[in-house]
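Enquirer: Here is my input; please provide its structure:
(2 chains)
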2 protein chains.
Amino acid sequence: MTEQSLTGHSIIAGQTVTGRGGTASGVNPATGENLEPEYSLLDTTQLAAATAAAQDAYASFSTLDPETHASFLERIADNIEAAGPALVERAMAETGLPEARITGERARTTGQLRLFASVVRQGDFRGVRVDPAMPGRTPLPRADIRQRKIPVGPVAVFGASNFPLAFSTAGGDTASALAAGCPVIVKAHNAHPGTGEITGRAITDAVRDLGLHPGVFSLVYGPGAVIGQALATDPAVKAVGFTGSRSGGMALVTAAANRPEPIPVYAEMSSINPVFVFEGALADDAEALGSAYVTSVTGSSGQLCTAPGLLFAPAGAAGDRFVAAVEQAVKAAAGQTMLTQGIAASWQEGVTTLAGEAGVELLAAGTEGSTLNAPAPSIFSTDAETFLANDALQAEIFGAASLVIRYSSAGELADAVESMEGQLTASLHLAEADYPAARELLPVLERRVGRILVNGWPTGVEVGHAMVHGGPFPATSDGRSTSVGTLAVDRFLRPVAYQNIPDALLPIPLQQDNPWKLNRLVDGTMEYAGGNA
Amino acid sequence: MTEQSLTGHSIIAGQTVTGRGGTASGVNPATGENLEPEYSLLDTTQLAAATAAAQDAYASFSTLDPETHASFLERIADNIEAAGPALVERAMAETGLPEARITGERARTTGQLRLFASVVRQGDFRGVRVDPAMPGRTPLPRADIRQRKIPVGPVAVFGASNFPLAFSTAGGDTASALAAGCPVIVKAHNAHPGTGEITGRAITDAVRDLGLHPGVFSLVYGPGAVIGQALATDPAVKAVGFTGSRSGGMALVTAAANRPEPIPVYAEMSSINPVFVFEGALADDAEALGSAYVTSVTGSSGQLCTAPGLLFAPAGAAGDRFVAAVEQAVKAAAGQTMLTQGIAASWQEGVTTLAGEAGVELLAAGTEGSTLNAPAPSIFSTDAETFLANDALQAEIFGAASLVIRYSSAGELADAVESMEGQLTASLHLAEADYPAARELLPVLERRVGRILVNGWPTGVEVGHAMVHGGPFPATSDGRSTSVGTLAVDRFLRPVAYQNIPDALLPIPLQQDNPWKLNRLVDGTMEYAGGNA
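Expert: Predicted structure coming up:
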C-alpha cells in the first residue's frame, strides 16, 4: 500500500466512513512535520454503526469453525506482510522508532496472530467439560451437564503508542479477542493513524477474503477521550482491552463500571519494573552488567512498559564498579526521538521532578539526539533510606530514565518491595551465593508482580504460552490475566452450562460425537481427542 | 456440639473473640422466638486481627503440599458430619427449612468440600505452563519461561441466608477459595448465627488438626453493612465472594472498586430464571408439567436463586390445560415458613406490587402455612404484550411467587429474551417438533444466561465439573466464572511467569522434575504426569 492510497478515514464494517468530528494528522516526531493524509474523526453518533455491526457479526463469528477461524488470523498476518515496506516506512515516520525495531515488531505481530491461530485450532480454550447423566444415582439422578466457554461479545481495543504494530490495531488485544471469537472495534491511535489504517485494511481484507461478516472488525478514528468513553459505555460492547497511561486506563475502568451492565476492562497501565542486583552477580563482570542495564533503559528510547525504572545495587566496592560502568555507558548513550512531542515533554517533566527530590542526584546523562524530541538518557541515584522515605521516587517516568538505589541490607530490599504497588515485572541478578537472600525475597515479590526474571532484563516480552504480561494493580486493572501470550484469550470468554440438551440442539463443541475433536474434561478426567496429547 | 456449647462469639484465627459492637440473636422464623445464645458483634477495629492473621497465613497456606491441602478440605467435611444432629436442628430452627432439605444441603456441603479436595490433588487448576529455553533461536534466543497460577490472597466470604450450609460459612465460596490456597474470612450471616458457629468450629478444628496457620480461617460476627464495607476495603483482602441481594452485592462491588488497589468481587445477586414452554411439550401430559412447575416454584418456600420467576406458556388449548393444572396445583400448596420476617415482608411487598400492575392477574394462590412467615404461594398471569410493555414485571420476587406469560408467537419469545437482563438460568420445555423454534432461541438465550436446561427445572444445582452457577450482570457481578462447581476455584487465582529462574529457586509446581506430578502445557502441548490422562 502506497502513501497515496491511504484514505484518511475510519473503516466501519468494511466501509470507508468520513468522520464528522474534525480532523487530525500524524506527525513525524523526528521533524515535527505533519504527515499526509489528514484523518477525519468520527463523532460519537457515527460510532453506533460500528458497534451495531459488531453485534450483528457476533452470531456467525462466535460459532465459526476452527479451521476458517484460524485461517482468518493467519490471513491477517499474511496481509500485514504483504503491505511490505510501506507499512514499515509509515510506522517509522509516525513513531520515530528505527527500522530494525519496526521490522522486529512486525514479526512479533504476525507471529502473535499465527500463534493464536494455533490456539484456535487446538481448541482447549473452549474449556469443554462433560458430566454425563447418572439416571440411576440416589437419592437423586444426575442430568447430563456440559460446559463450554463462549466469547463475551464485541470487544473495544485501545492500542498503545509505543507498539504501533504489536500492541495496536492488529496487536495482542485484537488478536486474542478475535481468537476468542469476539468481533473487535479498534479505536485508532492518533499518534500513528497511517500505520493504523494500513494494518486495519489488512484485517478488513482478511474479513472479506474469508467471507466473514464485515462487522467482525472496525477501525474508528476520533478524539481519544470522547470516543473512548462512548465505546466503553456502548451497550453492544462487552469487554475492553487497553494499553496506555494510568489515567487513560482508569477513565475506561470507571466508565465501564458505571454502565447499567458493567463490563470487564483489561487495562495495562503503569509499572516501574524494579531490578535487584545481588552482591554475587557483581563478582564476575560488574562492568558488563552496568552496560546491559543502560541498554535495557535506553532501548526504544525507554518507551517500553517493562523498562527498568528502578535498580537496587549493593553498597560497597563491587556495587561502585557496577555504578561506574552505568555512568560510563549512559554518558555514551545518545537520545533517540520519542514517540510524540507530548511524550517527550512528559519525560522531561518527570526527570525534572525526580532531579528536584531531596537526596536524589543525577548519576549521569547521555547526549541529546540530533533529531527533535530526543532527550538525553538520564540515570539518577539515591540510597535505600531516601527511597523508602519518599513515595514520589516510585513515579513512573516513561522514557529513557532510571533510578539506581544503593542498599546495605536484604532487609532494605524487602522493605522496598513491601512499599511498592503492583508491577509487570521484577528482575533479580544473582549468583549461587545469593540464593538464600533471593529465596527470602521471591515470595514477597511474587505477590506484587506478573513476571519474575533472573539474570535477565525485563524488556523484550516473549510471546508464548507461558508469558505473563500483567500483574496486580496498577500494573493492570485486572491482575487475573495477561495481555501477552496465549493465556490472553481467556480474558474474552465466559462459561455456559447446558443441562439435558438434546444432541441435535447442542453447540458443535459439546456434541457427543465431538466433531471438532476437542479435548474434554469428562467427569473430572481429561479425555484427549487425539490431536494434542 | 450441643446448644450449650455455642459461645456466641467470633472466631478469629482459632481464638474466641467477644465483640464490642453490640449483640444480635438468631430468631426462629416459624415462632418468632429468639434463639440462645446472643451473639456479640465485632466493631471494625476488631476486624483487623482477622485480616492480619489471614495475611500472615498466606505464605504457608498458599504453598501447602497438595496432600495436606486436600486432607484439610476433607477434614472440614468430616468435622461437619461429626457435628451430627445438633447442626441440623440448629439450622432448622434458624431458617425454618425442613429437615430433609437441611440434611440434603449438608450432604451437598460435604460433597462439595470433598470434590474440591479432588481438584487440589489433581492439580490442573495450578495452570502450569513451560516454554523451554531455545538458546540457539535466531534472531534472538528464548529464555526458559514457566507459568503457574497463585492464590490471590485472603478472601472475604459473605454467605447466603437461603443456604445456611452449602452457601454460607463452609459453603461454595469458602471451599473454592480454600482450594485455591487463599485464607478465608467469613462474615457470619446474622440470620443463622448458631449454624455459622458450628460450621466455623468444624473449619477451625480442621485447621488445628492439620497443623495449619490459624489465620487460614476466621468467622466474624458484626453489623452487616458496616463490617462488610470494612472487610471489602481492608488492604489485606484480595477478593470477595458474596451471595445475596443485588443491593448488598453492589455495595461490595462499589467499595472494592474504589479501594486504592481495586479487587475482584464475585457477587451472585439476582435472577428470575425464565422458563419457556413450547407447544410440543404439552402434547403428552400438560397436567404433569403444570404440577412440576408449581413444585419448582414452591420448593424451599421459593427461596432459591434459581427458582423460576417467569414461565412462558403458549396460547391455545394445550396451554390452557397447562395453566389449569398450575392453578390446581398452586391451590393445593401450603405456605412454608420463610427464612426471616424481613424476607417474608419483602415477598409480600413484591407480590402486592405485581398484583397491582395493569394487565396482571392472580392466577391462583395456595394457603398460608400454620407457622409464622409462611405466606400462601401465589402465581400470577399476563400476556406477552403486557410483559413486553412493562419492565416492572421483571422485578425479582424472592419466595414462592411466579408469573405465567401467555405468548402467541416465537417472535414474542425472542423479544422477551432480548428485553431481559442477565440470568443464572433459562429452561426450555420442548418436544422434537419444537427443535426448529428452540434452535432460533438458544443462541439469543446463551448470551444472557449461565445455564440452559431442557425439559427440567432450574432449581436443584448439581455440584460438579461442568456446572455454571453464574451469568451476565445482574445475575452476577462477574459473569466470567461460576460460584458452584469446580471451575469456581479459578476465581481466586492469578498467573505469574518465571523467566530463567534456577531450578533451586523455582516454586515446587514449576521445578523441572515435577515433584507434584502436575500436568503441564509444554510449548503448547499438554504433557501428562500420569495421574490423570
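Enquirer: residue boundaries of the strands in the stretch 201-350 of chain A?
Expert: A:217-220, A:239-243, A:265-268, A:274-277, A:310-314 (DSSP state E, counting those that start in this stretch).
Enquirer: Tell me which of these lies nearest to chain B.
Expert: Of all these, strand A:239-243 sits nearest to chain B, with 9.3 Å by C-beta to the nearest C-beta. Where you see a C-beta, it was placed from the backbone N, CA and C, and this is true even at glycine.
Enquirer: by contact count, what packs against the closest one?
Expert: strand A:155-158, helix A:172-180, helix A:246-257, strand A:265-268 (3 or more C-beta pairs under 8 Å, 6 or more residues apart in numbering or on different chains; DSSP states H and E).
Enquirer: re the thing from before, need the winner for burial among the strands of the stretch 201-350 of chain A.
Expert: strand A:217-220 (a mean of 29; mean count of other C-beta atoms under 10 Å in any protein chain shown).
Enquirer: Now tell me what touches it from outside.
Expert: A:10-13, A:42, A:47, A:50, A:53-54, A:169, A:178, A:183-188, A:196-197, A:200, A:203-204, A:207, A:227, A:231 (C-beta atoms under 8 Å, 6 or more residues apart in numbering or on different chains).
Enquirer: before we move on, back to that, need the helices and strands packed on strand A:239-243 in JSON lines (columns: distance to A:Ala466 and mean pLDDT).
Expert: Listed next are those as JSON lines, based on distance: least, C-beta to C-beta, whole Å; pLDDT from 0 to 100:
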{"stretch": "strand A:155-158", "distance to A:Ala466": "24", "mean pLDDT": "98"}
{"stretch": "helix A:172-180", "distance to A:Ala466": "15", "mean pLDDT": "98"}
{"stretch": "helix A:246-257", "distance to A:Ala466": "25", "mean pLDDT": "96"}
{"stretch": "strand A:265-268", "distance to A:Ala466": "18", "mean pLDDT": "98"}
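Enquirer: Columns distance to B:Phe72 on top of the strands of the stretch 201-350 of chain A, output as TSV?
Expert: Shown next, in TSV, are these (distance: least, C-beta to C-beta, whole Å):
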stretch	distance to B:Phe72
strand A:217-220	49
strand A:239-243	36
strand A:265-268	34
strand A:274-277	34
strand A:310-314	38
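Enquirer: Just tell me which of these ends up closest to A:Ile397.
Expert: Of all those, it is strand A:310-314 that lies closest to A:Ile397, at 10.5 Å by C-beta to C-beta.
Enquirer: show me where pLDDT drops low in the stretch 201-350 of chain A?
Expert: Residue ranges of the stretch 201-350 of chain A with pLDDT under 70: none are present.
Enquirer: so who does A:Thr306 touch?
Expert: By C-beta under 8 Å, 6+ apart, the neighbours of A:Thr306 are A:271, A:273, A:424-425, A:458-461, A:469.
Enquirer: okay if I get these as TSV plus distance to chain B and secondary structure?
Expert: Conversion of these to TSV gives the following (distance: C-beta to the nearest C-beta, whole Å; DSSP: H, G, I helix; E, B strand; the rest coil):
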residue	distance to chain B	secondary structure
A:Ser271	14	coil
A:Asn273	13	coil
A:Leu424	10	strand
A:Thr425	9	strand
A:Pro458	9	coil
A:Thr459	12	coil
A:Gly460	7	coil
A:Val461	10	coil
A:His469	8	coil
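Enquirer: Max pairwise distance over those residues: which two?
Expert: Between all members of the contacts of A:Thr306, the farthest pair (by C-beta to C-beta) comes out as A:Ser271 and A:Gly460, at 14.7 Å.
Enquirer: Is A:Arg121 in a helix, a strand, or coil?
Expert: helix (DSSP: H, G, I helix; E, B strand; the rest coil).
Enquirer: Please give the number of neighbouring residues around it.
Expert: 17 (other C-beta atoms under 10 Å in any protein chain shown).
Enquirer: Please report how far it lies from chain B.
Expert: Distance from A:Arg121 to chain B, counting by C-beta to the nearest C-beta, to the nearest Å: 11 Å.
Enquirer: Let me see the contact set for the nearest residue to A:Pro132 once chain neighbours are set aside.
Expert: The spatial neighbour of A:Pro132 that comes closest, neighbours along the chain excluded (C-beta to C-beta, 6 or more residues apart in numbering or on different chains), is A:Asp144 at 5.9 Å. Neighbouring residues of A:Asp144 by C-beta under 8 Å, 6+ apart: A:130-133, A:499-501.
Enquirer: What segments of the stretch 351-500 of chain A are helices?
Expert: Listed in chain order, the helices of the stretch 351-500 of chain A (DSSP state H, counting those that start in this stretch) span A:384-389, A:410-418, A:435-446.
Enquirer: can you list those in TSV and add mean pLDDT and mean neighbour count?
Expert: Output for these, formatted as TSV (pLDDT from 0 to 100; neighbours: other C-beta atoms under 10 Å in any protein chain shown):
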stretch	mean pLDDT	mean neighbour count
helix A:384-389	98	17
helix A:410-418	96	17
helix A:435-446	96	17
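Enquirer: Among those helices, which comes closest to B:Ser402?
Expert: helix A:435-446 (49.7 Å).
Enquirer: other SSEs contacting the closest one?
Expert: Against helix A:435-446 (3+ C-beta pairs under 8 Å, 6+ apart) you get helix A:410-418, strand A:423-429, strand A:449-454.
Enquirer: at 10 Å instead, please
Expert: Contacts defined by 3 or more C-beta pairs under 10 Å, 6 or more residues apart in numbering or on different chains; DSSP states H and E place helix A:435-446 against strand A:274-277, helix A:410-418, strand A:423-429, strand A:449-454, helix B:44-61, strand B:493-499.
Enquirer: and it with helix A:410-418, angle?
Expert: 20 degrees (axes from the mean of the first three to the mean of the last three C-alpha atoms, to 10 degrees).
Enquirer: burial of A:Val330, as a residue count?
Expert: Quick note: A:Val330 (other C-beta under 10 Å) scores 26 neighbours.
Enquirer: do the one 3 residues further on as well
Expert: The criterion is other C-beta under 10 Å. On that basis, A:Ala333 has 21 neighbouring residues.
Enquirer: Just the closest residue of the stretch 201-350 of chain A to chain B, please.
Expert: Counting by C-beta to the nearest C-beta, the stretch 201-350 of chain A gets nearest to chain B through A:Glu261 (4.8 Å).
Enquirer: And for that residue, nearest residue in space, chain neighbours not counted?
Expert: B:Phe473 is the one closest to A:Glu261 (C-beta to C-beta, 6+ apart), at 4.8 Å.
Enquirer: Tell me which residues touch the one you found, please.
Expert: Counting by C-beta atoms under 10 Å, 6 or more residues apart in numbering or on different chains, B:Phe473 touches A:259-263, B:246, B:250, B:253, B:267, B:269-270, B:421-422, B:479.
Enquirer: just the buried members of the residues you listed?
Expert: Neighbour-count burial within the contacts of B:Phe473 applies to A:262-263, B:246, B:250, B:253, B:267, B:269-270, B:421-422, B:479; the criterion is 16 or more other C-beta atoms under 10 Å in any protein chain shown.
Enquirer: Same list as before, those residues that is, but in JSON lines and with distance to B:Glu361 included.
Expert: Below are those laid out as JSON lines (distance: C-beta to C-beta, whole Å):
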{"residue": "A:Pro262", "distance to B:Glu361": "36"}
{"residue": "A:Ile263", "distance to B:Glu361": "38"}
{"residue": "B:Arg246", "distance to B:Glu361": "27"}
{"residue": "B:Met250", "distance to B:Glu361": "33"}
{"residue": "B:Val253", "distance to B:Glu361": "37"}
{"residue": "B:Ala267", "distance to B:Glu361": "34"}
{"residue": "B:Met269", "distance to B:Glu361": "29"}
{"residue": "B:Ser270", "distance to B:Glu361": "25"}
{"residue": "B:Glu421", "distance to B:Glu361": "25"}
{"residue": "B:Gly422", "distance to B:Glu361": "28"}
{"residue": "B:Gly479", "distance to B:Glu361": "34"}
